[in-house]
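Trainee: Everything below, folded, please.
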Amino acid sequence: MLSRSLDGALLLGRLFVAALFLPSGFNKLMAFSGFAGTLASRGVPYSTIVAGVLVAAEFVGALALIIGLWPRCVAAALIAFTAATLSITTGSSIGDLVMRPGRYVEFYERLAIVGGLLFYFASGPGGLSRTSLR
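Mentor: Residues are numbered from 1 along each chain as shown. You can find the predicted model right below:
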């Protein structure tokens, strides 16, 4: 059983990570056709379907993260979302990313997000969540 301060820290961590995903997911949901068009212009096949999956993962995943529902599934979905958007936006080879890290700050920021989600996957949502209140 975790102490109240650790439960509070896990809650704040969930809220901070969700703050990365929720506004962006909401904006993509409100401008869905534009987001699908952007994916199509980047050469993503079935861009409307991919856009729907990405928006659902980002928006619904952030809401589930805030509430603390399905921690492992949500963490896995948001990690997959982050990896998908990273591969779509970066377009560089791994060697290029390693050899010139200053040019690819966004890549390393997204790796840090994945790291936070892995912590969430391993630790769970804590005592201040819907999962623990059941």
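
Trainee: from here on, contacts and neighbour counts on C-alpha atoms
Mentor: Noted.

Trainee: what bits of this protein have low per-residue confidence?
Mentor: Applying pLDDT under 70 to the chain flags residues 1-2, 90-103, 131-134.

Trainee: Give me the most central residue, it.
Mentor: Residue closest to the mean C-alpha point of the chain, counted by CA atoms, centre = their mean, is residue 78 at 3.7 Å.

Trainee: chain center to the longest helix seen in the chain: distance?
Mentor: The longest helix of the chain (DSSP state H) is helix 4-30. Centroid separation between helix 4-30 and its chain, computed with CA atoms, centre = their mean, to the nearest Å, is 10 Å.

Trainee: For that helix, name the packing helices and strands.
Mentor: helix 47-67, helix 105-123 (3 or more CA pairs under 8 Å, 6 or more residues apart in numbering; DSSP states H and E).

Trainee: How about the contacts made by the residue nearest to the centre of the chain?
Mentor: The contact partners of residue 78, by CA atoms under 8 Å, 6 or more residues apart in numbering, come to 57-58, 61, 117.

Trainee: and whichever helix or strand comes after the longest helix of the chain with helix 47-67, angle?
Mentor: Next in sequence after helix 4-30, counting helices and strands by DSSP states H and E, comes helix 32-41. Per axes from the mean of the first three to the mean of the last three CA atoms, to 10 degrees, the angle that helix 32-41 makes with helix 47-67 is 120 degrees.

Trainee: can you list the residues that contact helix 32-41?
Mentor: Contacts of helix 32-41 with the rest of the structure, by CA under 8 Å, 6+ apart, involve 28, 46-48, 50-51.

Trainee: still on that earlier bit, which of the residues in the helix or strand where the residue nearest to the centre of the chain lies are buried?
Mentor: Per DSSP H and E: residue 78 is located in helix 71-90. Using 16 or more other CA atoms under 10 Å as the burial criterion, the residues of helix 71-90 that qualify are 71-72, 74-79, 81-83, 86.

Trainee: Tell me, how many residues neighbour residue 43?
Mentor: Residue 43 has 11 neighbouring residues, counting by other CA atoms under 10 Å.

Trainee: How about the one 5 residues further on?
Mentor: Applying other CA under 10 Å, we find 17 other residues in the vicinity of residue 48.
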